[in-house]
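**Q** here are the coordinates; sequence isn't available:
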């Protein structure tokens, strides 16, 4: 008995080692693809030759000051000047066959929108758009054009090299190459350098409402960044199928998946895509976004040196190829031509097709109609599987018995996948009960795999270890392979076929992965059967007959899973939103659960056969022990680093009335699972500056109310914790001679008792205003914004109905507007004016935080009025 166990153990360890090496090699290839390591910065004829030089030039300006391209800062004007200078230089090099027209516009307007699930109204003035139209010298003014859009403003407190200096650099280099190469676009191409995206898509709205070229746009590419490189993913496409079909045929390094559009709405944030394609236009287009490098997204370290190598080059090649394809397409139509087609009754849009790239090597695409046919086929194979696997005494009862065994195999497989999600989540929860910090994997993504993959494998294997003996007890007619293998394998096929059909008829695009797993599992079965016939069921060589045919879907699953888990871990640093005490657990549970999903996706299909080798006490005990050790060791790793910083909001708040200060405070906003108490405990210099003693804890803390962070609404709703500490105002008039104030200039009453109050907002001596936010409560009936249409009112924590208005844009004049009340009841207006400047004390406090904390700091002036 001892020799048998020893032999089995040796064979098992050899198999596990082989499986580990194989998966590791595939994972390394996938990691190279995700981070574009295969694409160097070498010069190629068809691609931008100096993309990094353009980025260096723009970012050189960006780094002159921290907030160089923030709205309201002087640096934004310098960035606009740089871009316009480049455009004028390029236009001077154009040959006589090409017309280059440069246009700089200041846009103003107002509109209502839903952002992050909250209803707000936006009013703006004097935001800068810089455009260039390149066309044939013989092109007409109304010829349909292709638009490529990228923004040069950056988020508050960020240099913006990735988001979105990288976009501007790519666009400049694509434009330079077009002009220097002498290529004449078949249709005009418009480059829109957008000066106000971070303030909730304002500049693109201004273009769509006011610009002379807006009606000519027949297709668009929106270039964005949610990180500093890596996969340049097509996250949204449409309306219709044309944009994605053009992409699949023309992208040099295709990076797209139709399922991304189903997932994108779940991610906090938005892009200009919605302005062009949905809210204020029906222009067909693509939303292409850098999604790796999210540690630096919207932080003070979003610098040039953080751009992932190869990303700019790959994006440039894709953009040039796409622009050539779109501008030469016969389906390119301006707004009038699209409207005429709809009037003629030929305007039905085709459904968005199913498409995905395979490791950025090639694209697979097919129509929804084709998908409806293809996705039914695996279930047909499942239904006929008992027929081809039985001996000559086939009958209805034996067929039904075979289906029953397949059903049990499907339930067993589903149970394993569910437990693969639950078990890591349970381990994560238990670890946090005895740990002093959450998210220890945040700065060490590999640690998440070490912590959660073994426990996910335990969950996968448990059902098979417990119930496999009862899987095929009644199956007596199968003679080509073991009953257990047959039922487990076809049960897994049935599971993926069922999930595919469910996804198909709910309209979700993620069914592509389950469909292809079902297809490859069907094709793998005869190969495995033959290998068993020649080598026997218990030899490693027979298992190769099962694993090798599945290498392609394993690599694809690792590719999708690798992107998802990397993106998720990086975004957990700004997850927020869940209050204590639950928020402390949520991030680890989510990452553990998603890791379990990815393990199930990548390894789950192997379990029907490979699980027979692994689902015994020895490997299960080893996996449990590995999980426990990994969980214990993880607490020795600090959650953050300089390159994976803790995000912290520092608001220097001033409560004012008229031109007087009432009091000030330092308000801290937290964006992830680790509390502000954790930060201050590990930042003693900052705690000392805030006059916090060593015994400080959350029980003795003072919490900021919702009104305090009104200037960031609705982003402030993502904060998981907000604390306030006393501030000082002794030297404030050294910085501000006049404070923001709202005052009435006129009041009239109509015959129907509607009061109209004319108001002016003066921002005082504030020089770098980011935004002013008004919260109006009371009997508001109308106002002078958004074509006199009110947004849907908001209600925060059971308070009164509020109408939220955000004002942005610099001007020497006050904001002038009117509001109407439906009764003589008072209108209450709370105002927050955000200034990017800090006084000396706030600057010193910011500098006291350690390097692993990224502090976004600003001043906010709060005041209240009754009219």
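**A** That came in fine, so what should we check first? Just so it is clear, the model here is predicted, and its values are computed rather than measured.
**Q** So which residue is dead centre in this structure?
**A** Closest residue to the average C-alpha location of the chain: residue 267 at 5.3 Å, with Cα atoms, centre = their mean.
**Q** quick one: that residue from residue 594, how far?
**A** Relative to residue 594, residue 267 is positioned 14 Å away (Cβ to Cβ, to the nearest Å). (Each C-beta comes from the backbone N, C-alpha and C, glycine too.)
**Q** Could you do residue 676 as well?
**A** On the measure of Cβ to Cβ, residue 676 and residue 594 end up 26 Å apart.
**Q** and what of residue 779?
**A** Separation of residue 779 from residue 594 (Cβ to Cβ): 47 Å.
**Q** higher neighbour count, the two?
**A** Remark: of residue 779 and residue 594, residue 594 carries more neighbours, 20 against 14, as counted by other Cβ atoms under 10 Å.
**Q** give the contact list for the more buried one.
**A** Taking Cβ atoms under 8 Å, 6 or more residues apart in numbering, we find residue 594 in contact with 564, 565, 568.
**Q** what is the rounded mean pLDDT of the helix or strand hosting it?
**A** Using DSSP states H and E, residue 594 sits in helix 583-603. Mean pLDDT, taken over the full extent of helix 583-603, equals 93.
**Q** go on, stretch 608-616?
**A** The average pLDDT for stretch 608-616 rounds to 77.
**Q** Wait, residue 202 touches residue 125, no?
**A** No - using Cβ atoms under 8 Å, residue 202 makes no contact with residue 125, being 9.6 Å away.
**Q** what residues are shared contacts of the two?
**A** Residues within reach of residue 202 and of residue 125 at once, by Cβ under 8 Å, 6+ apart, are residue 808.
**Q** Just want to know which of the two has more residues nearby.
**A** Applying other Cβ under 10 Å to residue 202 and residue 125 shows that residue 202 carries more neighbours, namely 32 against 18.
**Q** tell me the contacts of that one?
**A** Counting by Cβ under 8 Å, 6+ apart, residue 202 makes contact with 107, 109, 122, 124, 127, 196, 808.
**Q** Report the buried members of these.
**A** The neighbour-count test (16 or more other Cβ atoms under 10 Å) marks 107, 109, 122, 124, 127, 196, 808 as buried among the contacts of residue 202.
**Q** So which of the residues you listed belong to strands?
**A** Under the assignment DSSP state E, those contribute 107, 109, 122, 124, 127, 808 to strands.
**Q** ok, for the third one, nearest residue in space, not its chain neighbours?
**A** Put plainly, it is residue 122. The spatially closest residue to residue 122, leaving aside those adjacent along the chain, is residue 806, at 5.1 Å (Cβ to Cβ, 6 or more residues apart in numbering).
**Q** what bridges to the one you found?
**A** Beta bridges link residue 806 to residue 122, residue 773 when assigned by DSSP bridges.
**Q** Quick check: the gap between it and residue 233.
**A** For residue 806 relative to residue 233 (Cβ to Cβ), the value is 29 Å.
**Q** Check the gap between residue 265 and residue 278 for me.
**A** 12 Å.
**Q** cool, and residue 367?
**A** Distance of residue 367 to residue 278, given as Cβ to Cβ: 22 Å.
**Q** Compare those two and say which is more crowded by neighbours.
**A** The neighbour comparison of residue 367 against residue 278 (other Cβ under 10 Å) goes to residue 367, with 16 against 13.
**Q** ok, the more buried one - contacts?
**A** Residue 367 makes contact with 241, 350, 351, 353, 354, according to Cβ under 8 Å, 6+ apart.
**Q** Out of those, which one has the lowest pLDDT?
**A** Among those, residue 350 carries the weakest pLDDT, at 68.
**Q** Out of the contacts of residue 594, the closest to residue 819 would be?
**A** Nearest to residue 819 among those, counting by Cβ to Cβ, is residue 568 at 43.2 Å.
**Q** Can you lay out the buried ones among the contacts of residue 202 as a markdown table showing distance to residue 153 and pLDDT?
**A** Below are those laid out as a markdown table (distance: Cβ to Cβ, whole Å; pLDDT from 0 to 100):
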| residue | distance to residue 153 | pLDDT |
| --- | --- | --- |
| 107 | 13 | 97 |
| 109 | 16 | 96 |
| 122 | 15 | 97 |
| 124 | 12 | 97 |
| 127 | 8 | 95 |
| 196 | 6 | 94 |
| 808 | 10 | 95 |
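**Q** I'd say residue 536 and residue 542 touch.
**A** Yes - when contacts are counted by Cβ under 8 Å, residue 536 is listed as touching residue 542 (6.2 Å).
**Q** between the two, who's got more neighbours?
**A** residue 542 (19 against 10).
**Q** Return the distance of the more buried one relative to residue 528.
**A** For residue 542, the distance to residue 528 (Cβ to Cβ) stands at 7 Å.
**Q** what's the answer for residue 160, then?
**A** Distance of residue 160 to residue 528, computed by Cβ to Cβ: 53 Å.
**Q** Can you pick out the residue with more neighbours from the two?
**A** Using other Cβ under 10 Å as the criterion, residue 160 and residue 528 rank with residue 160 on top: 31 against 25.
**Q** Ramachandran angles for the more buried one?
**A** phi 80, psi 30 (degrees, to the nearest 10).
**Q** Give me the nearest residue to it, chain neighbours excluded.
**A** Nearest residue to residue 160 in three dimensions, chain neighbours excluded: residue 154, at 2.6 Å (Cβ to Cβ, 6+ apart).
**Q** so is that neighbour in a helix, a strand, or just coil?
**A** Recorded secondary structure, residue 154: coil (DSSP: H, G, I helix; E, B strand; the rest coil).
**Q** so it makes contact with residue 163?
**A** Yes - counting by Cβ under 8 Å, residue 154 touches residue 163, with 6.9 Å between them.
**Q** Make sure residue 223 is indeed in a strand.
**A** Yes - per three-state DSSP, residue 223 lies within a strand segment.
**Q** What's the local residue count around it?
**A** Neighbour count of residue 223, defined by other Cβ under 10 Å: 27.
**Q** cool, residue 418 as well?
**A** When neighbours are counted by other Cβ under 10 Å, residue 418 registers 15.
**Q** Phi and psi next, for it.
**A** Torsion angles, degrees, to the nearest 10, at residue 418: phi -70, psi -40.
**Q** May I have the residues that are in contact with the nearest residue to it once chain neighbours are set aside?
**A** Leaving aside its chain neighbours, residue 418 sits nearest to residue 459 (7.7 Å; criterion: Cβ to Cβ, 6+ apart). By Cβ under 8 Å, 6+ apart, the residues touching residue 459 are 416, 418, 419, 420, 421, 422, 423, 424, 596.
**Q** Please identify which two of these are farthest apart in space.
**A** Across the contacts of residue 459 (Cβ to Cβ), the longest gap, 13.3 Å, separates 416 and 424.
**Q** what mean pLDDT does stretch 176-186 have?
**A** Stretch 176-186 comes out at a mean pLDDT of 93.
**Q** I should have written stretch 671-687 there, sorry.
**A** Throughout stretch 671-687, pLDDT has a mean value of 91.
**Q** count of residues packed around residue 359?
**A** Counted with other Cβ under 10 Å, residues neighbouring residue 359 total 18.
**Q** same check, this time on residue 823
**A** Neighbour number of residue 823 under other Cβ under 10 Å is 12.
**Q** again, but for the one 5 residues further on
**A** The local packing count at residue 828 equals 16, with neighbours defined by other Cβ under 10 Å.
**Q** Check it and give its pLDDT.
**A** pLDDT at residue 828 comes out at 96.
**Q** Past the helix holding residue 594, which element shows up next along the chain?
**A** By DSSP H and E, the next helix or strand past helix 583-603 is helix 607-614.
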